[in-house]
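Asks: return a 3D structure for these sequence lines:
(one chain, ligands or ions: 1)
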Amino acid sequence: MSKPTFPWTLSERAARMNPSVIREILKVTERPGIISFAGGLPSSKTFPVAEFEAACAKVLRDDPAGALQYAASEGYAPLRETVAAMLSEQAAAQGQAWDVSPANVLITTGSQQGLDLVAKVLLDKGSRALVESPTYLGAVMAFTPMEPEVISVASDAEGLDLADLRAKAHYNGQAARFLYVLPNFQNPTGRTMTEASRAALSQTAAELGLPLMEDNPYGDLWFDTPPPPSLTARNPAGGIYLGSFSKVLAPGLRMGFIVAPTAVYPKLLQAKQAADLHSPGFNQRMIHEVMQDGFLSRHVPTIRALYKSQRDAMLQALAQHFPDSATQPEQSLTWNAPAGGMFLWARLPVGMNAVDLLPHAVDKGVAFVPGAPFYAGEPDARSMRLSFVTPSVEEIHRGVAALAAAIREQQAL
Ligand code: PMP
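Replies: Just a heads-up that it's a prediction; the model follows:
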């Protein structure tokens, strides 16, 4: 017997939502034994389990009612203070006077919620959101339900094309609502904006009256030297900064934060109240407790060292299996050498397409994410994202060998 049906009517907004293209692609890769350069997961080896265990016991012993009760939408006050102090100290160490007040810090349920709240507060149907090319797909997914026009600004390894930005910041007598930008170890490209391009972007955005939405989940994961100072630090009144504990502590606790100017903070707070009242008080206290005594300054260097050795293994394997990349870049895979973060950006030989290659690569035992879904505008079909943090060094070598074999076979056809 067939099940009875019911006449659900979905909203137009729901009709515009799509499953993440990447999640769909990754389904192909979820076969046992596949070496995956595809996932965006931090290495679980970096999760400070013992510290969380101790923090959990302490939080429940010292303040069970506070941890388990409803609480303020702004977030747990001591955590907001810790975040404000951390950012102010980082900025000062880089010669920037960014005096972050706890009053401007809103604790969010992951920085992904920050993207959703900012979209709700700043975007209308038909209004313009500017993004880099390529950009983080999860941000575009957060913006889309508000029905904006998402427009990509030409970008390269150094930063954004400011002439293109100027051309797109105003349209039909209106101003774009913001530029969403990932200056450090970008997802998907692993690129980092240079100091010169940050200074120029900050100045141009201020001139244009264009707000910046700076997303910085990877900024602490530098390998040799810290990246140049943040964009928001240069002009706090004109920027919203999104931070995350996912890549330095653990993504499963879903803890992030927004630093917003006083002009928009109350609206973000109202959107936060409507979304989930507040982020889990228990998780906020756990994060706060673990961060006591400068824990991050001991812990984060261990993540940097691990990810750097993984990146080096991938660079070494790529150089070994694609020896012609410098001499014949159009006939070889080419790639960048990210200075931090989790991802490397590679480009297939001319005429090849990463979406078409993926099933052949999976047959050989390796997976990656094609770059095309990360473009809001014209995609580069040859591009692909390779994560170097989850597979072991041995798997990185085997995976790159399998990728090389898949590419050669396709080239020979
Ligand atoms: N922004 C970027 C650029 C990301 O890569 C991610 C995680 N993949 C997020 C935001 C969301 O991170 P979270 O919600 O875990 O803080």
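
Asks: backbone dihedrals for Pro370, please?
Replies: With angles defined as degrees, to the nearest 10, Pro370 sits at phi -60, psi 150.

Asks: quick check: residues of the stretch 101-250 of the chain near the ligand?
Replies: 110-112, 136, 138, 182, 187, 215, 217, 244, 246 (Cβ under 6 Å from any ligand atom). Bear in mind the C-beta positions are built from the backbone N, C-alpha and C, glycine included.

Asks: can you rerun that using 8 Å?
Replies: 108-115, 136, 138-139, 182, 186-187, 215, 217-218, 242, 244-247 (Cβ under 8 Å from any ligand atom).

Asks: which of the residues you listed fall in helices?
Replies: Among those, the ones falling in helices (DSSP state H) are 110-115, 138-139.

Asks: could I get these as CSV with neighbour count?
Replies: Output for those, formatted as CSV (neighbours: other Cβ atoms under 10 Å):
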residue, neighbour count
Gly110, 22
Ser111, 25
Gln112, 21
Gln113, 24
Gly114, 29
Leu115, 24
Gly138, 18
Ala139, 27
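
Asks: which single residue of the chain ends up nearest the ligand?
Replies: In the chain, the residue that lies nearest the ligand is Gly110 (2.6 Å; Cβ to the nearest ligand atom).

Asks: for the protein, which element, helix or strand, carries the lowest mean pLDDT?
Replies: helix 21-29 (a mean of 72; mean pLDDT, DSSP states H and E).

Asks: quick one: low-confidence ranges for the stretch 151-300 of the chain?
Replies: Within the stretch 151-300 of the chain, no range satisfies pLDDT under 70.

Asks: for it, just list every one of the helices.
Replies: 162-169, 195-208, 231-234, 265-276, 281-290, 295-321 (DSSP state H, counting those that start in this stretch).

Asks: one more: the stretch 1-150 of the chain?
Replies: Counting by DSSP H, counting those that start in this stretch, the stretch 1-150 of the chain has helices at residues 12-16, 21-29, 49-62, 64-68, 77-93, 110-122, 137-143.

Asks: lowest average pLDDT across those?
Replies: Lowest mean pLDDT within the helices of the stretch 1-150 of the chain: helix 21-29, a mean of 72.

Asks: who are the packing partners of it?
Replies: The contact analysis (3 or more Cβ pairs under 8 Å, 6 or more residues apart in numbering; DSSP states H and E) places helix 21-29 against helix 354-364, strand 366-367, strand 369-370.

Asks: could these go into a markdown table alongside mean neighbour count and distance to Ser387?
Replies: Formatted as a markdown table, these follow (neighbours: other Cβ atoms under 10 Å; distance: least, Cβ to Cβ, whole Å):
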| stretch | mean neighbour count | distance to Ser387 |
| --- | --- | --- |
| helix 354-364 | 18 | 14 |
| strand 366-367 | 26 | 10 |
| strand 369-370 | 26 | 8 |
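
Asks: mean pLDDT and distance to the ligand added to the ones you listed, as a markdown table?
Replies: What follows is the helices and strands packed on helix 21-29, written out as a markdown table (pLDDT from 0 to 100; distance: least, Cβ to the nearest ligand atom, whole Å):
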| stretch | mean pLDDT | distance to the ligand |
| --- | --- | --- |
| helix 354-364 | 94 | 19 |
| strand 366-367 | 96 | 17 |
| strand 369-370 | 94 | 12 |
